[in-house]
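Q: please find the sequence and the predicted model below.
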Amino acid sequence: NTIRFIYNRYETLSSLLNKYDIQSISLLKYDDDLIVPKDYKDNSRKMNSQSRNSFILRQILIYLKADHLIIDVDSNTPEGCINNNDSKIEKVSFVRKNAVYLSKIMKQLNFDSNPVIISTRMTRLQELLLQLSFYSLPYILSFKDCEDIGENAVKRDILRSLMTEGGQKNGFEDIMVNLISRMIPRSYLEEYDCLQEVAINSHLPKKPKFIFTSNSFLVDDVFKLWIATNVEKGTKYFVGQHGNNYGESKYDSPHIEEITADKLITWGWKFNSKHVKGFILNKYYNKFKYKENYSKSKKLLFIETGPRGKKHIEDISIEYEQYLSSKKEFYINLDIKVRLIVRPAAIVVANHMLGEIRQWSEMSLEIEIETASIRIDKLVNDSNLVVCFYQGTSLLELLAANYPVIGYLDRYDSLNAESKQYYDLLVEAGICHIDVYSMTMKINSVWNNVSTWWYSEKVQKARNEFCSNYARTPISPVRDMRKLILENI
């Protein structure tokens, strides 16, 4: 992600400087101490921060000998205000509050050869039953924090030298080496010895039979190092697909967890021997229950997404402006009496600067904005039809649940050849659309009799074929997952 982030800015600035006679470039001032992240989680936060972006742009302009164009500008928005919900009181569960003690207890109750099954995206009960089926109890991830020893310039210079071995780099490679050696998280360099010690002395088993997770491989650096250590010793490592961003994109594939895991348990697709055809791992889809009744006949639920992060190569600002414009087009062409309920993305609710909620209000004061005070399954179950206004996990969940849904494929061109043939089935059946006008016209035409349209042979045939490859549902989740794991140990 960091490499793509740097590449985006390098190519953009190079192109602009070559094409236009630029007189000045305004950059926000940044705190130098905020540039180097502590760990992966901190790096993810900094990826979209003003400080990180300004730092990268400045270093690229220096390399391109264009730093004389820079005008420093003070930021009116304090660092961190992008998630403007500091006043929100987070509820801390009993497990999280007592994680240290519970982890020690579980270590005593488990054996050193027990498998580690954690954060699978199955329901809590299903995950517990899966653990018990392998004679194992749950593990609680709770690790000692490493002391923040700060940035070590000598170690970073050594890293930079190692990265430049084999000859001088040119262009993008040169700036990439300099920036990565500066921005690599401290947990991977200065604090690595401590990280390793914490992983070795953790409460987790020394020789687990296997490891299965769908989420914990991502942000917890200690757990990731513990996984790597055991994989090197021969432990089987399974990763479960945790969203729609697998097996679909021709750009973001394979993911690093697909490469490092012994097997990726997918939601139904298989491209090579590393992939295991599994089923949708999500606790929400089986809560969606469609029952036609008069009370909800006028409710149209509109689920939207927010702007993508700055890590992508595409021009995210222009892409987001087009997305906002598409929503206006949708509402203008909606020609039915409907109670429109909008469920915005979390980032849209947290960051009022994006202006999405204001845009809806300007279009009509009758539009209801639901900002997560009601659970998504209750919103869905109380709606006559759901609009998924982006290619996301929600669309797959609703298709798996056989709940009437119409989707807007906002990134249709990014689909790989394998997934495109199945999405095309949904397009031909009128379930999915690659332009907003077509989607809105479909809603207008089926609104008065959604169930007749949804349960028609053409629609159900397309849905069934798509779901058999990208959103399979299990007969018995625990039994089926146990069988998949045993077949691949």
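A: Sure, I can see it.

Q: check the gap between residue 226 and residue 218 for me.
A: Residue 226 sits 14 Å away from residue 218, going by CB to CB, to the nearest Å. The C-beta positions use only the backbone N, C-alpha and C, and glycine is treated the same way.

Q: looking at the two, which has the bigger crowd around it?
A: residue 226 (24 against 18; other CB atoms under 10 Å).

Q: pLDDT score for the more buried one?
A: pLDDT, residue 226: 94.

Q: wasn't it part of a helix?
A: Yes - per DSSP: H, G, I helix; E, B strand; the rest coil, residue 226 lies within a helix segment.

Q: now do the same contact list for it.
A: For residue 226, the contact set (CB atoms under 8 Å, 6 or more residues apart in numbering) comprises 199, 202, 204.

Q: also residue 115?
A: With CB under 8 Å, 6+ apart, residue 115 has these contacts: 131, 134, 136, 208, 209, 210, 211, 212.

Q: mind running it again at 10 Å?
A: Residues near residue 115 by CB atoms under 10 Å, 6 or more residues apart in numbering: 130-131, 134-136, 139, 205, 208-212, 235-236, 238, 485, 489.

Q: in which helix or strand does residue 270 reside?
A: Under DSSP states H and E, no helix or strand contains residue 270.

Q: which residues pair with the closest residue to it other than its chain neighbours across the strands?
A: Excluding the flanking residues, the one nearest residue 270 by CB to CB, 6 or more residues apart in numbering is residue 277, at 5.1 Å. Residue 277 has the following beta-bridge partners by DSSP bridges: residue 266.

Q: what distance do you get for residue 277 to residue 469?
A: 9 Å.

Q: neighbour count for the two, which is higher?
A: Shown here are residue 277 and residue 469; by other CB under 10 Å, residue 469 has more neighbours (19 against 14).

Q: which residues does the more buried one contact?
A: 247, 266, 267, 268, 269, 270, 277, 418, 419, 421, 422, 425.

Q: can you add distance to residue 473 and give the residues you listed back as JSON lines?
A: Shown next, in JSON lines, are those (distance: CB to CB, whole Å):
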{"residue": "247", "distance to residue 473": "17"}
{"residue": "266", "distance to residue 473": "14"}
{"residue": "267", "distance to residue 473": "9"}
{"residue": "268", "distance to residue 473": "9"}
{"residue": "269", "distance to residue 473": "14"}
{"residue": "270", "distance to residue 473": "17"}
{"residue": "277", "distance to residue 473": "13"}
{"residue": "418", "distance to residue 473": "20"}
{"residue": "419", "distance to residue 473": "18"}
{"residue": "421", "distance to residue 473": "21"}
{"residue": "422", "distance to residue 473": "16"}
{"residue": "425", "distance to residue 473": "18"}
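
Q: Provide a PyMOL selection command restricted to the buried entries of the residues you listed.
A: Of the contacts of residue 469, the buried ones go into a single PyMOL selection, burial set by 16 or more other CB atoms under 10 Å:
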select buried, resi 247+266+267+268+269+418+419+422+425
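
Q: between the contacts of residue 469, which is closest to residue 438?
A: residue 425 (15.8 Å; CB to CB).

Q: can you tell me the element the closest residue to that closest one other than its chain neighbours falls in?
A: Spatial nearest neighbour of residue 425, chain neighbours left out: residue 462 (4.4 Å); criterion: CB to CB, 6+ apart. Secondary structure from DSSP H and E places residue 462 in helix 457-470.

Q: okay, now residue 372: neighbour count?
A: Residues near residue 372, counting by other CB under 10 Å: 12.

Q: which stretches of this structure have low pLDDT?
A: 1, 75-109, 166-169, 293-297, 308-317, 347-354 (pLDDT under 70).

Q: and residue 482, how close does it get to residue 122?
A: Distance check for residue 482 against residue 122: by CB to CB, it reads 11 Å.

Q: which one of the two has more residues nearby?
A: residue 122 (21 against 15).

Q: identify the residues contacting the residue nearest to residue 270.
A: 265, 266, 267, 268, 269, 270, 468, 469, 472, 484.

Q: just residue 132 next, same as before
A: By CB under 10 Å, 6+ apart, the contact set of residue 132 is 117, 138, 478.

Q: and it, that's in a helix?
A: Yes - counting by three-state DSSP, residue 132 is found in a helix.

Q: quick one: it from residue 29, how far?
A: Remark: distance between residue 132 and residue 29 (CB to CB) = 55 Å.

Q: cool, residue 121 as well?
A: 41 Å.

Q: what is the neighbour count of residue 16?
A: Residue 16, neighbours per other CB under 10 Å, totals 12.

Q: and it, its phi and psi?
A: Phi and psi for residue 16, reported as degrees, to the nearest 10, are phi -60, psi -40.

Q: tell me the contacts of the closest residue to it other than its chain neighbours?
A: Of all residues not flanking residue 16 in the chain, residue 22 sits nearest, at 6.5 Å (CB to CB, 6+ apart). By CB under 10 Å, 6+ apart, the residues touching residue 22 are 13, 16, 66, 69.

Q: can you give me the distance of the closest residue to residue 444 other than its chain neighbours to residue 447?
A: Closest residue in space to residue 444, ignoring its immediate chain neighbours: residue 335 at 4.9 Å, by CB to CB, 6+ apart. For residue 335, the distance to residue 447 equals 9 Å [CB to CB].

Q: who's more crowded, these two?
A: More crowded of residue 335 and residue 447, by other CB under 10 Å: residue 447, with 19 against 12.

Q: quick one: contacts for the closest residue to the more buried one other than its chain neighbours?
A: Distances taken as CB to CB, 6+ apart place residue 336 nearest to residue 447, at 4.7 Å, with adjacent residues excluded. For residue 336, the contact set (CB under 10 Å, 6+ apart) comprises 298, 300, 440, 443, 444, 445, 446, 447, 448.

Q: what strand or helix carries residue 336?
A: Counting by DSSP H and E, residue 336 is found in no helix or strand.

Q: which residues in the stretch 1-150 of the chain form strands?
A: Here the stretch 1-150 of the chain has its strands, by DSSP state E, counting those that start in this stretch, at 25-28, 70-73, 116-118.

Q: quick check: which of these is buried the most?
A: Comparing these by mean neighbour count (mean count of other CB atoms under 10 Å), strand 116-118 ranks first with a mean of 24.

Q: would you confirm that residue 225 contacts residue 200?
A: Yes - between residue 225 and residue 200 there is a contact at 8.9 Å, judged by CB atoms under 10 Å.

Q: quick one: neighbours of residue 334, just the number.
A: A count of nearby residues for residue 334, using other CB under 10 Å, gives 18.

Q: correction: the previous question concerned residue 355.
A: Residues near residue 355, counting by other CB under 10 Å: 12.
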